[in-house]
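Q: Pasting a predicted model and its sequence here:
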Amino acid sequence: MIEDMKIPVVSVFSSGYINQLGKAVLQCNPNGEMSMVDVYNYIKGEEAKLATERLRAETDVDKQREMKTLTLCYCTPFGTFSYRNAKGLKKASGLMVVDIDDVESQERLMQLREQLIHDKHFETSLLFISPRGHGLKWFIEIGDMGGKSLRDFFPVVARHVAFHYGIDIDQSGKDVPRPCYLSHDPLCYINEKYLKKNDSL
């Protein structure tokens, strides 16, 4: 029931910086925490829109990759962290992110979006278009994974996506502190139960 359901919370991190070697790197100290409703509102908001538009206007892939690190905020879908590494996990969110890259066309991207939202095996928490505009970030509910670790559970999800959608997902999703960039998507999907729960608070 909605009354008993808690809205998942994740750590959020500000955009990266140039280190002493001149390389763009991610922040590892969190900036704060956000519920899925907060993340949803950020993705649909003006700050994410401006950063995403600048990124997609860049045509050089290497520059685009650097811009992504330096201009986009990110979160850790698996939970909240004191520091972004496996030992820094404070509390699991009950979520994991499935990273789908390089979808062949916008038509297929939107078709896949609808299929994932209505997936009968994994409940969608949040779904939005990735920073470059050619993929999807699919947050799914995994609960306590039946006592399995994320590395044990990840292949189950990977096989499901490969079998039902013919897609090989990004293997980095098995990492507990996996970062997920928050890019703008005006059509970002959020599980309606979170909005109902948020309105009742």
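A: Good, I have the coordinates.

Q: contacts, neighbours, all on C-alpha from now
A: Noted.

Q: can you tell me which residues contact the nearest residue to residue 170 once chain neighbours are set aside?
A: Distances taken as Cα to Cα, 6 or more residues apart in numbering put residue 99 closest to residue 170, at 5.4 Å, once the chain neighbours are dropped. Shown in contact with residue 99 (Cα atoms under 8 Å, 6 or more residues apart in numbering): 135, 136, 137, 138, 169, 170, 173.

Q: what number of residues lie near the residue nearest to residue 167 when sequence neighbours are not counted?
A: Excluding its sequence neighbours, the residue lying closest to residue 167 (Cα to Cα, 6+ apart) is residue 161, at 6.0 Å. Using other Cα atoms under 10 Å, residue 161 is surrounded by 18 other residues.

Q: so residue 130 sits right up against residue 183, yeah?
A: Yes - counting by Cα atoms under 8 Å, residue 130 does reach residue 183; the two are 6.1 Å apart.

Q: Those two - which one has more neighbours?
A: Higher neighbour count among residue 130 and residue 183: residue 183, with 30 against 22, using other Cα under 10 Å.

Q: Could you confirm that one falls within a strand?
A: No - Residue 183: not assigned to a strand; according to DSSP: H, G, I helix; E, B strand; the rest coil it is coil.

Q: Quick check: it vs residue 128, distance?
A: Residue 183 is 8 Å from residue 128, where distance means Cα to Cα, to the nearest Å.

Q: Any chance of the backbone angles for the residue nearest in space to the middle of the chain?
A: By Cα atoms, centre = their mean, the chain has its centre lying nearest to residue 180, at 4.4 Å. Residue 180 adopts backbone torsions of phi -130, psi 110, taken as degrees, to the nearest 10.

Q: what's across from it in the sheet?
A: residue 75 (DSSP bridges).

Q: Buried ones in whichever helix in the chain runs longest, by neighbour count?
A: For the chain, the longest helix by residue count, based on DSSP state H, is helix 150-165. Under the neighbour-count criterion of 16 or more other Cα atoms under 10 Å, helix 150-165 has 150, 154, 157, 158, 160, 161 buried.

Q: Likewise for stretch 112-129?
A: 112, 113, 116, 117, 123, 124, 125, 126, 127, 128, 129.

Q: what does the model give residue 136 for pLDDT?
A: We note a pLDDT of 96 for residue 136 in this prediction.

Q: Many thanks, we can stop here.
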